[in-house]
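Pasting a predicted model and its sequence here:
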Amino acid sequence: DGGITQSPKYLFRKEGQNVTLSCEQNLNHDAMYWYRQDPGQGLRLIYYSQIVNDFQKGDIAEGYSVSREKKESFPLTVTSAQKNPTAFYLCASSGTDRGNYGYTFGSGTRLTVV
Amino acid sequence: SQQGEEDPQALSIQEGENATMNCSYKTSINNLQWYRQNSGRGLVHLILIRSNEREKHSGRLRVTLDTSKKSSSLLITASRAADTASYFCASIGAGSYQLTFGKGTKLSVIP
């Protein structure tokens, strides 16, 4: 079955620690995205990538970093510079024809600072 | 930035009733999409309507788009308990590649 896999499902981070969230897709989609969701809120875009080896900042990129070395993979690193990282993180992918495709989402990673 | 704003924030109805959720947006769009999110899960794409379309149907879902009012509505007919979820509208602005979400409507369908 085609889809997006996010891991881990739950992640705990200590103060000052970097953590990396995994996102893998086998849908052959060119574009991939990372969103952050806080309780009772909508989704806010962190980073997106339309093609391998290229990515762009979204609305809330500070304290986060990404890489896109393979079409299938778009890992997100939450750095110690992100002061309030506790949130639900969602990865998505889509075709690059903006007019025709909805996004496919993973099941999310819940990150908690301990 | 939040492009869409849903109304109401929460909606509670009896099973079998229809549920209507509204969405307003700020700038010109390429398309508008609706998503469902069950508690603690990822989002599921429901329906996409392009800026040159006015109405679209998919099963028990009906979406309308009024570009002159910058608004859209999602109608779920004959609701079921399994429809209980949060519903988000999201849009892609003209000339943009980013999908921007509203804060969602939390729908509760009481059996």
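Here it is on my side, so go on. Numbering: from 1, shown residues only, chains lettered A, B, ... in the order given.

drop to CA atoms for contacts and neighbour counts, all remaining ones
Will do.

near chain A, which residues of chain B?
B:1-2, B:30-31, B:33, B:41-45, B:47-48, B:50, B:88, B:92, B:97, B:100-104 (CA under 8 Å from any CA of the partner chain).

Now intersect those with the strands, please.
B:30-31, B:33, B:43-45, B:47-48, B:50, B:88, B:92, B:100-101 (DSSP state E).

isn't residue A:63 right next to residue A:76, touching?
No: using CA atoms under 8 Å, residue A:63 is not in contact with residue A:76; the gap is 10.6 Å.

Compare these two (neighbour count), which wins?
residue A:76 (22 against 16; other CA atoms under 10 Å in any protein chain shown).

tell me the contacts of that one?
By CA atoms under 8 Å, 6 or more residues apart in numbering or on different chains, the contact set of residue A:76 is A:20, A:21, A:22, A:23, A:34, A:64, A:65, A:66, A:67.

Same check on residue B:94?
When contacts are counted by CA under 8 Å, 6+ apart, residue B:94 touches B:28, B:29, B:30.

follow-up on the earlier one: what's the PyMOL line that selects buried ones from the contacts of residue A:76?
Buried residues among the contacts of residue A:76 (16 or more other CA atoms under 10 Å in any protein chain shown), as a PyMOL selection:
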select buried, chain A and resi 20+21+22+23+34+64+66+67
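
And residue B:50, how far from residue B:101?
To residue B:101, residue B:50 is 16 Å away according to CA to CA, to the nearest Å.

oh, I was asking about residue B:32
The value you get for residue B:32 to residue B:101, if CA to CA is used, is 10 Å.

Find the residues that touch each one of those two.
Contacts common to residue B:32 and residue B:101, judged by CA under 8 Å, 6+ apart, are B:89, B:90, B:91.

Of these - the most surrounded one?
Of the shared contacts of residue B:32 and residue B:101, with other CA under 10 Å as the count, residue B:89 tops at 32 neighbours.

Residue B:15 reaches residue B:82, doesn't it?
No: the criterion here is CA under 8 Å, and residue B:15 misses it with residue B:82 at 9.6 Å.
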